[in-house]
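Student: Everything below, folded, please.
(one chain, ligands or ions: 1)
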Amino acid sequence: MTGHLDGTVALVTGASSGIGAATARTLAAHGARVAAVARRRDRLDDLVAEIGRAGGRALPVAADITVRSQAEAAVRQTAEHFGRIDTLVNNAGLMLAGPVVGADTDDWDRMIAVNVRGLLYVTRAALPYLLTTAEQGPRHVADVVNISSVGGRRAANGFGVYNLTKFGVNGFTDALRQEVTRRHVRVGVVEPGGVVTELGSHNRPEIRAEVIDPFFEQHEALLPEDIAEAVAHMVTRPRRASVHELWVMPTEQL
Ligand code: NDP
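Tutor: Below you'll find the predicted structure:
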């Protein structure tokens with residue numbers, strides 16, 4: 001693997017499984033030192049050990065990003081440990097499907113907390129470091145990559161509040177891009193279709209049986225590595241080129 005990201009530092013949220021873990025591995029393989037953020041410390045320790053065995057460097061950072069003080073502490077810990085932040089990947093997320101009629105509002109609160117509030121807290125805390133990197137860093141550019149979803153591009157019956165959060169992520173991404181792109185902080189979004197991860201497993205058994213499992217049985221889904229490669233593509237562009245949006249779908253998904 002080439003060292004396109006040698007000397008840089010990446011913070012990846014939701015790094016304890018799925019797309020986030022794959023992204024941490026891939027960015028480390030490109031030479032970045034990676035802060036791996038999530039709640040499950042044991043998973044992070046395993047990932048960091050694996051990255052180390054492969055010749056990379058990573059730091060486990062246990063944090064619940066829905067708690068603002070923890071989100072801010074995770075960013076601060078990353079910057080203090082590695083001395084800088086060049087790349088932020090806002091990946092942590094939750095998808096709880098189900099009808100709006102009679103919905104459990106705790107499900108809504110949990111999704112909004114992670115997909116929206118957590119992303120905002122981490123981004124706000126990281127921006128001063130990213131702006132400094134863009135001014136002074138070796139590559140004179142910094143990156144924010146938000147992991148949205150095909151659900152941020154089009155709505156689907158039964159996914160209303162997930163759609164709300166991911167459409168929101170897309171809008172926020174472009175507004176923030178316009179705010180900081182002339183200061184050379186690139187802000188982009190990746191919109192995956194179905195990826196084989198733990199995401200669906202947090203749903204109630206009846207939702208899994210009726211919605212999630214049939215969806216994944218009907219076609220060959222993406223692997224987390226497919227999305228990690230998309231993120232790596234965005235953050236390894238030359239300073240002059242900013243990829244705003246990558247919509248990555250399983251070939252057979254309509
Ligand atoms: P996973 O469930 O495998 O991973 C979700 C990650 O988010 C875990 O590492 C989890 O870690 C972390 N997380 C959840 N809550 C918190 C929290 N409060 N604080 C910190 N970390 C948290 O799912 P995916 O890898 O699939 O999901 C990653 C992103 O990709 C999400 O934003 C999702 O919406 C998006 N996506 C996924 C698709 C798919 O088909 N899989 C399709 C389109 C988009 P822990 O529990 O240890 O805190």
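Student: which residues in the chain form strands?
Tutor: 9-13, 33-38, 57-62, 87-90, 142-147, 185-192, 245-248 (DSSP state E).
Student: Buried residues, the last one. List them.
Tutor: Residues of strand 245-248 classed as buried by neighbour count (16 or more other CB atoms under 10 Å): 245-246, 248. C-beta here means a position set from N, CA and C on the backbone, and glycine is covered the same way.
Student: could you check whether that strand is close to the ligand?
Tutor: No: residues of strand 245-248 contacting the ligand under CB under 6 Å from any ligand atom: none, with a closest distance of 9.0 Å.
Student: who does that strand touch, helix- and strand-wise?
Tutor: Packing contacts for strand 245-248, counted by 3 or more CB pairs under 8 Å, 6 or more residues apart in numbering; DSSP states H and E, involve strand 185-192, helix 224-235.
Student: Save these as JSON lines, and put in distance to the ligand and mean pLDDT too.
Tutor: As requested, the helices and strands packed on strand 245-248 are exported to JSON lines (distance: least, CB to the nearest ligand atom, whole Å; pLDDT from 0 to 100):
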{"stretch": "strand 185-192", "distance to the ligand": "4", "mean pLDDT": "98"}
{"stretch": "helix 224-235", "distance to the ligand": "6", "mean pLDDT": "98"}
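Student: Now render these as a markdown table, adding mean neighbour count and distance to Gln253.
Tutor: Below are the helices and strands packed on strand 245-248 laid out as a markdown table (neighbours: other CB atoms under 10 Å; distance: least, CB to CB, whole Å):
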| stretch | mean neighbour count | distance to Gln253 |
| --- | --- | --- |
| strand 185-192 | 24 | 10 |
| helix 224-235 | 21 | 12 |
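Student: I'd say Glu245 and Val189 touch.
Tutor: Yes: with contact defined as CB atoms under 8 Å, Glu245 counts as touching Val189 (5.3 Å).
Student: Now for the residue nearest to the spatial centre of the chain: which residues touch it?
Tutor: Among the residues of the chain, the one closest to the centroid is Asn91, at 1.6 Å (CA atoms, centre = their mean). The neighbourhood of Asn91, defined by CB atoms under 8 Å, 6 or more residues apart in numbering, consists of 12-15, 19-20, 23, 147.
Student: one more time with 10 Å, if that's ok
Tutor: Counting by CB atoms under 10 Å, 6 or more residues apart in numbering, Asn91 makes contact with 12-15, 18-24, 37-38, 119, 145-147, 190, 227-228, 231.
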